[in-house]
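Visitor: below are the sequence and a predicted model; questions follow.
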Amino acid sequence: MLSLANVVAFLLALVLSISIHEFSHALVADIQGDPTARYMGRLTLNPVAHFDPLGAIMILFSSISGLGFGWGKPVPVNPRHLRAGPRVGMGIVAAAGPLSNMLLAMLFAIPFRLHLPLPGLLSSLLNMVVWINISLAIFNLIPLFPLDGYSVLRGILATIRAAWAYRWTNILDSLQAQGPILLFLFIALEQFLPFSILGPPQRLLYRLIMGF
């Protein structure tokens, strides 16, 4: 069982990671020409601006269970203002979130890569931040609405001029309404299966980033 200190550190790491994740969405949307997030005060690292009640509850319960996921308030984006176009532009904005988590994981892994001597508590905290950001990146790339992976995949398919890409886009669009239910079922499946679906890619990226 996690100690109170570990739970607090876990919560702080998740709040930091999610704030940077949402800020990255807002920043890339602004760079692409849509000022909606900036006008609504979302172009900030202030966690309060990105607070989502349900996502916060999931952060709390997942930190206690050791799973480690949650989400912030969705960043408002007007796809029609994006220079790359609605679908490709939204794919780029969506990809910014998981990419920011991967960059954050690599940044906090630098002391381990350099084999710097670290006090036990600091080592545990940095290690936790790396693992949480890898987990958030992979979780958010699941191609189910409302996760980032849904828009990322639609954006990729929009760049492919082929009948199969068009069919897959239609399939994704038809499943959008059921996305939250499918996501809930997936999370439940992760809890009850004797193995983790997300575990192998998480461990692989962790080893690559940490240099183990």
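Guide: Nice, I can see it. Numbers count the residues shown, from 1 in each chain.

Visitor: pLDDT weak spots in this structure?
Guide: Applying pLDDT under 70 to the chain picks out residues 1-3, 5, 56, 58-70.

Visitor: can you tell me how far residue 135 sits from residue 55?
Guide: 15 Å (Cβ to Cβ, to the nearest Å). Heads up, the C-betas are built off the backbone N, CA and C, glycines and all.

Visitor: more crowded one of those two?
Guide: Comparing residue 135 with residue 55 by other Cβ atoms under 10 Å, the one with more neighbours is residue 135, at 24 against 19.

Visitor: tell me the secondary structure for that one?
Guide: Three-state call for residue 135 (DSSP: H, G, I helix; E, B strand; the rest coil): helix.

Visitor: go on, residue 84?
Guide: Looking at residue 84 with three-state DSSP, the answer is coil.

Visitor: run a quick neighbour tally on the nearest residue to it once chain neighbours are set aside.
Guide: With sequence-adjacent residues excluded and distances taken as Cβ to Cβ, 6 or more residues apart in numbering, residue 84 is closest to residue 92, at 5.8 Å. Residue 92 has 21 neighbouring residues, counting by other Cβ under 10 Å.

Visitor: now do the contacts for residue 92.
Guide: Contact partners of residue 92, counting by Cβ atoms under 8 Å, 6 or more residues apart in numbering, are 28, 32, 82, 84, 155.

Visitor: from these, which single one is nearest residue 191?
Guide: Among these, residue 155 lies closest to residue 191 (Cβ to Cβ), at 30.3 Å.

Visitor: what about the strands in the chain?
Guide: Ranges of strands in the chain, per DSSP state E: none exist.

Visitor: now do the helices in it.
Guide: 4-31, 36-39, 53-65, 86-113, 120-140, 148-158, 163-174, 179-192, 199-210 (DSSP state H).

Visitor: for residue 72, which of these is the nearest?
Guide: Nearest to residue 72, of these and by Cβ to Cβ, is helix 4-31 at 4.3 Å.

Visitor: leaving out sequence neighbours, find the closest residue to residue 125.
Guide: Nearest residue to residue 125, sequence neighbours excluded (Cβ to Cβ, 6+ apart): residue 9, at 5.4 Å.

Visitor: what about the one you found, neighbour count?
Guide: Using other Cβ under 10 Å: residue 9 sits among 19 other residues.

Visitor: quick one, what contacts it?
Guide: Contacts of residue 9 by Cβ under 8 Å, 6+ apart are 124-125, 128.

Visitor: perfect, that will be all.
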